[in-house]
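*Asks:* Kindly return the folded structure for what I paste below:
(one chain, ligands or ions: 2)
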Amino acid sequence: MEEIWGQACIKLEQSVGPNNFNHWIKPLRLTALDEGVARFASPTRFISDWVSRHFADDIMGELSRHGQQVERLRFEVIPQEAVQPGASGGKNASRPAAVARELNSTGKAELGAPLDPRFTFGNFVVGKPNELAHAAARRVSEGGPVGFNPLFLYGGVGLGKTHLMHAIAHDYQQRDPSARVLYLSAEQFMYRFVQALRESTIMDFKGMFRNVNMLMVDDVQFIAGKDSTQEEFFHTFNALVDQGKQIVISADRTPAEIKGLEERIKSRLSCGLIVDLHPTTYELRLGILQSKTEAFRQQQPDLQIGNGVLEFLANRITTNVRVLEGALQRLFAHASLLRREITLEVAQECLTDILRTNDRKISIDDIQRKVAEHYNIRLADMMGPKRARNVARPRQIAMYLSKQLTNRSLPEIGRRFGGRDHTTIMHGVRKIEELAGEDLGLAEDIALLRRQLEA
Ligand code: ADP
Ligand code: MG
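*Replies:* Ligands and ions are numbered 1, 2, ... in the order given. This is a model prediction of the structure:
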């Protein structure tokens, strides 16, 4: 088994590049191979998550090439000491070696997460939906007098928030190699904070955070409702802003929409620039597919993609870029394993499962449930006769979303709302259109619900 893995590693190093290989794949140890499942020991959850998201197809492809039919990867987190007995002790003993190595080699981000070398501005395709976010990110990465602090990026899953943040960090660091840039997810922030509390190293923790030139916290919605983490985040945030240090934050919604986030944090977050990444358009998706195909072709010049395949994918996979990329990766793996042109038929066959989930239609049920939950009313009130405004308004919003997001006719929608007449539905839809034009809060509510339903 060791031999198989050793050989696969040689190939993997070539296919993913030495940086990626050393960083992500080398720390893994193959522990078992049976019934189509390859099991690995990984020093951290972070590494295994990353590998399964980015390199699973490469690894399965390589193992399969060595005669092992592998259909799934499984990871077990075993801290490095356990993987390599006799690792050095000391203060950082509990920190997994792979992460420690990353941190020491830069000598900086003692608390941060590693940056993905592929998430650069050069690899980011700009289109209408993301041009504002991209421009803001560019500006921040140039450093200098800070125009907007914090920069708050928000948008649905897989639209490029993390990519842009890493790109800012790369760029900023390149311009000023001595700058201390700290990137981490809000979840990691909390984890480190709790760890510092437990180990009574809170002063070190504070010191390290207060000492950076740029702090980037990804997916900040995670700390909503986690009071003491928020408190600490708020102090860190204030200290840095007061020193004129740049902060970049991302979330899946606007500060105002994050429930359970303290008001003072919301207002502080709103002081900077808030920009959103809109859902992708067909043109952007096609642009991304073309650019990734070009990049792949650099490594594998004989890659053949048939006419209309990229257009087909851009048309059919509309949820998010991550899924789009996954589909493309799979096609590439297929092409290089079989050494065959990827025609439209091959693509359809190879991606049946992805295409199927992307066909998943939003149902009126989903909409009613989501809206009821959002406004804290009972689902039964969606169908029921109550006319009180606090019930009638959400019901109309659900009618409106049903009209917008499904192909159902007005009479059909009427039936699903307790047998109402189609004119009632039409009235509800118009009412919401009208109100959303005047009431910004309502318009934002609807946008949020829409994003959540489409995610
Ligand atoms: P988010 O953090 O918003 O959930 P990510 O930044 O992780 O999304 O993006 C998901 C994947 O899609 C990443 O692999 C990223 O490189 C890719 N991606 C997203 N937007 C673009 C874009 N405009 N150009 C190129 N790749 C993109
Ligand atoms: Mg992200």
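*Asks:* and residue 33, what element?
*Replies:* strand 29-34 (DSSP states H and E).
*Asks:* Report the mean per-residue pLDDT for that strand.
*Replies:* For strand 29-34, the mean pLDDT works out to 89.
*Asks:* The host helix or strand of residue 58 close to ligand 1?
*Replies:* For residue 58, the host element (DSSP H and E) is helix 56-65. No. Using C-beta under 6 Å from any ligand atom, helix 56-65 stays clear of ligand 1, with a minimum separation of 13.3 Å. C-beta: built from backbone N, CA, C; applies to glycine.
*Asks:* sorry, back to before: ok, the strand holding residue 33: who's next to it in the sheet?
*Replies:* strand 37-42 (antiparallel) (DSSP bridges).
*Asks:* just checking, next helix/strand downstream of the strand it pairs with?
*Replies:* Trace forward from strand 37-42 with DSSP H and E and the next one is helix 45-54.
*Asks:* Neighbours of the closest residue to ligand 2 within the chain, how many?
*Replies:* The chain approaches ligand 2 most closely through residue 162 (3.2 Å), counting by C-beta to the ion. By other C-beta atoms under 10 Å, 20 other residues sit near residue 162.
*Asks:* next one: residue 302
*Replies:* Applying other C-beta under 10 Å, I find that residue 302 has 9 neighbouring residues.
*Asks:* can you give me the helices in the stretch 201-350 of the chain?
*Replies:* Per DSSP state H, counting those that start in this stretch, the stretch 201-350 of the chain carries helices over the ranges 202-210, 227-242, 263-269, 282-299, 309-316, 321-338, 344-350.
*Asks:* Can you lay out these as CSV showing mean neighbour count, distance to residue 157 and mean pLDDT?
*Replies:* Listed next are these as CSV, based on neighbours: other C-beta atoms under 10 Å; distance: least, C-beta to C-beta, whole Å; pLDDT from 0 to 100:
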stretch, mean neighbour count, distance to residue 157, mean pLDDT
helix 202-210, 15, 27, 88
helix 227-242, 17, 22, 91
helix 263-269, 15, 20, 89
helix 282-299, 16, 15, 93
helix 309-316, 19, 18, 93
helix 321-338, 19, 7, 89
helix 344-350, 15, 24, 91
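*Asks:* can you put those in TSV and add distance to residue 275?
*Replies:* Formatted as TSV, these follow (distance: least, C-beta to C-beta, whole Å):
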stretch	distance to residue 275
helix 202-210	24
helix 227-242	18
helix 263-269	12
helix 282-299	16
helix 309-316	24
helix 321-338	17
helix 344-350	34
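*Asks:* closest one to residue 218 among those?
*Replies:* Evaluated with C-beta to C-beta, the helices of the stretch 201-350 of the chain place helix 227-242 nearest to residue 218, the distance being 12.8 Å.
*Asks:* Check which helices and strands that closest one sits against.
*Replies:* helix 186-198, helix 202-210, strand 214-218, strand 246-251, helix 263-269 (3 or more C-beta pairs under 8 Å, 6 or more residues apart in numbering; DSSP states H and E).
*Asks:* Can I get it in CSV, CA atoms only?
*Replies:* Provided in CSV are the C-alpha atoms of helix 227-242 (Å, rounded to 0.1, in the frame of the first residue of the first chain):
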residue,chain,number,x,y,z
ASP,A,227,-21.4,36.3,22.9
SER,A,228,-18.0,36.2,24.3
THR,A,229,-16.4,35.6,20.9
GLN,A,230,-18.2,38.6,19.6
GLU,A,231,-17.1,40.7,22.4
GLU,A,232,-13.5,39.8,21.8
PHE,A,233,-13.9,40.3,18.1
PHE,A,234,-15.3,43.7,18.7
HIS,A,235,-12.4,44.8,20.8
THR,A,236,-9.9,43.4,18.3
PHE,A,237,-11.8,45.1,15.5
ASN,A,238,-11.8,48.5,17.3
ALA,A,239,-8.2,48.4,18.3
LEU,A,240,-7.2,47.7,14.7
VAL,A,241,-9.4,50.3,13.1
ASP,A,242,-8.2,52.9,15.6
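*Asks:* which parts of the stretch 1-150 of the chain sit against ligand 1?
*Replies:* Checking the stretch 1-150 of the chain against ligand 1 by C-beta under 6 Å from any ligand atom, the hits are 119, 123-125, 130.
*Asks:* filter the residues you listed to the buried ones?
*Replies:* 119, 123-125, 130 (16 or more other C-beta atoms under 10 Å).
*Asks:* for the stretch 1-150 of the chain, which spans come out with low pLDDT?
*Replies:* 79-111, 146 (pLDDT under 70).
*Asks:* Just want the residue of it that's nearest ligand 1.
*Replies:* Going by C-beta to the nearest ligand atom, ligand 1 is nearest to residue 125 of the stretch 1-150 of the chain, at 3.7 Å.
*Asks:* can you check the stretch 251-400 of the chain too?
*Replies:* residue 321 (3.5 Å).
*Asks:* ok, the residue nearest to that residue when sequence neighbours are not counted - contacts?
*Replies:* For residue 321, ignoring the flanking residues on the chain, the nearest one in space by C-beta to C-beta, 6 or more residues apart in numbering is residue 158 at 5.1 Å. Residue 158 makes contact with 319-323 under the criterion C-beta atoms under 8 Å, 6 or more residues apart in numbering.
*Asks:* what does residue 193 give?
*Replies:* Counting by C-beta under 8 Å, 6+ apart, the residues that residue 193 touches are 205, 228-229, 232.
*Asks:* can I get the residues you listed in JSON lines with distance to ligand 1?
*Replies:* Listed next are these as JSON lines, based on distance: C-beta to the nearest ligand atom, whole Å:
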{"residue": "205", "distance to ligand 1": "25"}
{"residue": "228", "distance to ligand 1": "26"}
{"residue": "229", "distance to ligand 1": "20"}
{"residue": "232", "distance to ligand 1": "23"}
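*Asks:* tell me the two of the residues you listed that are most distant?
*Replies:* 205 and 228 (12.7 Å).
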